[in-house]
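**Q** Generate a structure from the sequence data that follows.
(2 chains)
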Amino acid sequence: MDTDQLIRTLAADNPHRAPRVGAMLTMALLVAAPLSILIFATFLGVRPDVMTAMHNPFFDMKFAVTLSLAIPAIIVSLHLSRPEALMRGWGWLLLLPVGLLAVAIGSEAMMAPAMPMTMRLVGKNSRWCMLAIPAMSLPLLAGALFGLRHGAPSRPVLAGALAGLLSAGLAATLYASHCTDDSPLFVATWYTIATAVVTAIGAAVGSKALRY
Amino acid sequence: MRGREDEWTDLMRSAMAGDDAAYHRLLKAVTPVLRAAARRGLARAGQPPDQAEDIVQEILLAVHLKRHTWDSEAPFAPWLFAIGRNKLIDALRRRGRRVFVNIDDFAETLPGEAPQETASTGEVTAQLNTLPQRQRDVLQSIAVDSASIKDTATKFSMSEGAVRVALHRGLAALTAKLRDH
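**A** Take a look at the predicted model:
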């Protein structure tokens, strides 16, 4: 087939309209979410004292942190799905959860400690946390990668890492309602490790799956 | 060159609004530029320039299948050159070359360069033969025999909708095969 023939063929297919990457990502995440929620409902569930926990600002802070990871990661991943997009000017969005955690750790340090620092840090659920967040992330990560495959990222590894960040952020939001460890020190340690694992998986899979 | 690139942006806007002829003109207009850039990239990697046409066709397919990622408020050329660069890097990598693509390979303007003849390529043609029968028939009818969608539908006793679906799926499958082979 010569190039003129190819061009004619492509022009004949011009009426075909593909959905935007954002629509595809939304759809894929909505399909994946029930699986993650099923894992949550089967093995974890909302903590029994949730009504009292809601009056604890550090409980609420966990959601602020996880959503400030998930939502910017979604925004940046959609930005990077355009081939000419640069990271410059967008990276700071991903520092939001770090900033929030720093503020939270600072304000906890100024209060009279309810528990010794090592206990707050290690908590009661660190092992569960490192297992549950990645487990609930996996369906969402698969969905995110599927949705982002519809885009044309110039840096597939970075785009895959963002798919990891956004799915870990969403999974951690679920997990936060189960976990009774509310100390920002706990969140900064164990949530971060779990997120790093999911991000690494996303980057590894993305390096192949997000090439176009 | 600003003028040329503004013209591309206008053509692409019309194409996205449903003007197939504008889309055809746009693809014709960008092809010599892509070809020159592919030749430069190959030369820099110490590769014979006769593979440029394979790369051009791969870029055109990617442009086509990813055009929904173009923001119609943005200029077209940076988007096009980013895709061109990615595909050139992929192609050189597949040939086992250490990749050093000059960022200006695509953006550079070459007023002196004569447009080259359109050429046939091995890769797309070879992968075409591995497609399912129906997609291959439709692609060949439209590409090689220059039949319209309507004529193709009559020829294979298909509905026009089915021809359109086979055409699009065939192009997508072709692109996937080129990427993964």
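**Q** In chain A, mark out all the helices, start to finish.
**A** Taking DSSP state H as the test, the helices found in chain A are A:3-12, A:21-39, A:50-53, A:57-79, A:96-110, A:117-122, A:126-148, A:156-176, A:184-186, A:192-209.
**Q** Packing partners of the first one?
**A** Meaning helix A:3-12. Contacts defined by 3 or more C-beta pairs under 8 Å, 6 or more residues apart in numbering or on different chains; DSSP states H and E place helix A:3-12 against helix B:20-44, helix B:52-65, helix B:133-143, helix B:160-180. To be clear about C-beta, it is placed using only N, CA and C from the backbone, and glycine gets the same treatment.
**Q** Same list, those, but as JSON lines with mean pLDDT, distance to residue A:20 and mean neighbour count please.
**A** JSON lines is the format used below for these (pLDDT from 0 to 100; distance: least, C-beta to C-beta, whole Å; neighbours: other C-beta atoms under 10 Å in any protein chain shown):
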{"stretch": "helix B:20-44", "mean pLDDT": "94", "distance to residue A:20": "19", "mean neighbour count": "21"}
{"stretch": "helix B:52-65", "mean pLDDT": "95", "distance to residue A:20": "14", "mean neighbour count": "24"}
{"stretch": "helix B:133-143", "mean pLDDT": "94", "distance to residue A:20": "26", "mean neighbour count": "21"}
{"stretch": "helix B:160-180", "mean pLDDT": "94", "distance to residue A:20": "17", "mean neighbour count": "19"}
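**Q** still on that earlier bit, most tightly packed of the helices of chain A?
**A** Of these, the one with the most neighbours on average (mean count of other C-beta atoms under 10 Å in any protein chain shown) is helix A:156-176, at a mean of 27.
**Q** which secondary element of chain A has the worst mean pLDDT?
**A** Lowest by mean pLDDT, DSSP states H and E among the helices and strands of chain A is helix A:117-122, with a mean of 81.
**Q** tell me the contacts of the most centrally placed residue in chain B?
**A** Closest to where the C-alpha atoms of chain B average out (C-alpha atoms, centre = their mean) is residue B:60, at 1.0 Å. Residues near residue B:60 by C-beta atoms under 8 Å, 6 or more residues apart in numbering or on different chains: A:3, A:6-7, A:10, B:27, B:31, B:34.
**Q** which of those sit farthest apart?
**A** Farthest-apart pair in the contacts of residue B:60 is A:10 and B:34; separation 13.2 Å (C-beta to C-beta).
**Q** Leaving out sequence neighbours, find the closest residue to residue 136.
**A** Using chain A. Spatially, and ignoring its direct neighbours in sequence, residue A:136 is nearest to residue A:171 (3.8 Å; C-beta to C-beta, 6 or more residues apart in numbering or on different chains).
**Q** wrong one, I was asking about chain B
**A** Nearest to residue B:136 is residue B:128, by C-beta to C-beta, 6+ apart, at 6.2 Å.
**Q** and the one you found, what does it touch?
**A** Here residue B:128 is in contact with A:1, B:136, B:139-140, B:174 (C-beta under 8 Å, 6+ apart).
**Q** what do you get if the cut-off is 7 Å, keeping everything else the same?
**A** The contact partners of residue B:128, taken as C-beta atoms under 7 Å, 6 or more residues apart in numbering or on different chains, are A:1, B:136, B:139, B:174.
**Q** likewise residue A:150?
**A** So residue A:150 contacts A:21, A:24 (C-beta under 7 Å, 6+ apart).
**Q** what are the phi and psi angles of residue 123?
**A** This is for chain A. phi 60, psi -160 (degrees, to the nearest 10).
**Q** think we crossed wires, I meant chain B
**A** Dihedral pair for residue B:123: phi -70, psi -50, per degrees, to the nearest 10.
**Q** Contacts only, for it.
**A** Residue B:123 makes contacts with B:54, B:178, as judged by C-beta under 7 Å, 6+ apart.
**Q** Okay, buried residues for stretch B:68-86 please.
**A** Residues of stretch B:68-86 classed as buried: B:68-70, B:75-86 (neighbour count, 16 or more other C-beta atoms under 10 Å in any protein chain shown).
**Q** Around chain B, pick out the residues from chain A.
**A** Proximity of chain A to chain B, by C-beta under 7 Å from any C-beta of the partner chain, involves residues A:1-16, A:18, A:20-21, A:81-84, A:151-152, A:154, A:211-212.
**Q** Perfect, I'm done here.
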